[in-house]
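Colleague: What follows is a predicted structure for the sequence shown.
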Amino acid sequence: MPVIADTTPVLPQHRFDEASLDRYLRGVIPGYRGDLKVRQFTSGQSNPTFVLFADVDGAERSFVLRKKPPGKLLPSAHQVDREFKAISALQGSGVPVPKTYALCTDDGVIGQMFYVMECVEGRIITNPTIPDATPAERAAIYDSMNDTMAKLHMVDYAAVGLSDFGRQGQYVARQIERWSKQYVASQTDDLKAMNDLIAWLPQHIPAYDPTTIVHGDFRLGNCIVHPTEPRIVAVLDWELCTLGHPLSDLAYNCLGYYLTEPPHGFARLDVKSLGLPSEQDYVAAYCRRTGRQGIEDWDFYVAFSLFRLAAIAQGVYKRGLDGTAASPEALKRGQSARIMSEIGWNLVSRQV
């Protein structure tokens, strides 16, 4: 069994019947012969993720399994079936995604819904400053990430079978409503900035309202970088994918320019010396690739993305308190919700 970075033996709260999984895989992976071994990824907060090693046609192969977490879940959260549908639809689209094998909706197999996909070889880089790379490599990786996001937003969602994957228009309004409710459902402290954003954002939604496929969590840490080359070879974690506003993906992808705490943000660093593009250049590159002349109301989209991420962080923190989170890092997310909502509110409060 090869060593896969950032994995651990399956955590006690996420153990399942591996013999039952073994029986299931025999029917969905061609050439599957068994000898199943399972480890759990330590990264990923929402849906527990596992690497599977098994004998396929006499050789050891690796796969990835993602499933819903145990316990009582918030409505509309942890939709691994939507994630599976998105990845499957994007096969051959030009957007790099893993090959999918099967979605299991029968809770009787391992206790929760799950799907299986290929394990793509490469690097998961969680620090957006990419400390082990040269400035030229950092620039190339960021350009590849920008190109990958632009390609996703240019996909004809009807042509790939995703016409029913969401509603056209008013995505931002629906997201504000959804994440406001999710935040309230998982609230543990009174965060004034979140309350202010919940009141302000619905009243200032820009009129510009295109519809594309959006990833919903598009960032470097959800991309697999080639083992040796500075390019993206797969995009992961499609749970929040839907039809929506492409600039929500772009603004979210640019949050590193606003967050100050490493490893997630680099707002206080000299991006030029690191080889990273400036925010202005990164946005301009995306605009060139998607045929836009520029972006109005940029501060709104950034504040909206900070609000949304703060609501997600609050949910992760609440699951950590409840003992059902996918990672022990969840308990650190409570302060993150406060910080991100305050940055977002400070960005737009001058417009009040």
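Modeller: Looks like it came in fine.

Colleague: show me where pLDDT drops low in this structure?
Modeller: Along the chain, the model assigns pLDDT under 70 to residues 1-3, 44-45, 71-77, 262-263, 324-334, 352.

Colleague: Show me what counts as buried in the longest helix anywhere in the chain.
Modeller: For the chain, the helix that runs over the most residues, judged by DSSP state H, is helix 298-322. Neighbour-count burial for helix 298-322 flags 298, 300-320 (criterion: 16 or more other CB atoms under 10 Å). Bear in mind the C-beta positions are built from the backbone N, C-alpha and C, glycine included.

Colleague: can you pull up the bridge partners for Ile124?
Modeller: For Ile124, the beta-bridge partners are Ile224 (DSSP bridges).

Colleague: ok, for Gly275, nearest residue in space, not its chain neighbours?
Modeller: Pro135 (2.7 Å; CB to CB, 6 or more residues apart in numbering).

Colleague: Enumerate every residue touching that neighbour.
Modeller: Each residue near Pro135 by CB atoms under 8 Å, 6 or more residues apart in numbering is listed here: Ser273, Leu274, Gly275.

Colleague: from what I can see the last one touches Thr134, true?
Modeller: Yes - assessed by CB atoms under 8 Å, Gly275 is found in contact with Thr134 at 7.0 Å.

Colleague: doesn't Asn146 fall inside a strand?
Modeller: No - secondary structure of Asn146 (DSSP: H, G, I helix; E, B strand; the rest coil): helix, not part of a strand.

Colleague: That one and Val283 touch, don't they?
Modeller: No - the criterion here is CB under 8 Å, and Asn146 misses it with Val283 at 9.2 Å.

Colleague: For the residue nearest the centre of the chain, give me its contacts.
Modeller: In the chain, the centroid-proximal residue (CA atoms, centre = their mean) is Asp217; its distance is 3.3 Å. By CB under 8 Å, 6+ apart, the contact set of Asp217 is Asp237, Glu239, Leu240, Tyr252.

Colleague: Recalculate using a threshold of 7 Å.
Modeller: Residues near Asp217 by CB atoms under 7 Å, 6 or more residues apart in numbering: Asp237, Leu240.

Colleague: and it, which of the three is it?
Modeller: Under three-state DSSP, Asp217 falls in the coil class.

Colleague: For the stretch 151-300 of the chain, which segments are assigned as helices?
Modeller: For the stretch 151-300 of the chain, the helices defined by DSSP state H, counting those that start in this stretch cover 171-185, 192-200, 246-253, 271-274, 279-290, 298-322.

Colleague: Output the ones you listed in a markdown table; the columns should cover distance to Asp156.
Modeller: As requested, these are exported to a markdown table (distance: least, CB to CB, whole Å):
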| stretch | distance to Asp156 |
| --- | --- |
| helix 171-185 | 17 |
| helix 192-200 | 34 |
| helix 246-253 | 14 |
| helix 271-274 | 34 |
| helix 279-290 | 14 |
| helix 298-322 | 23 |
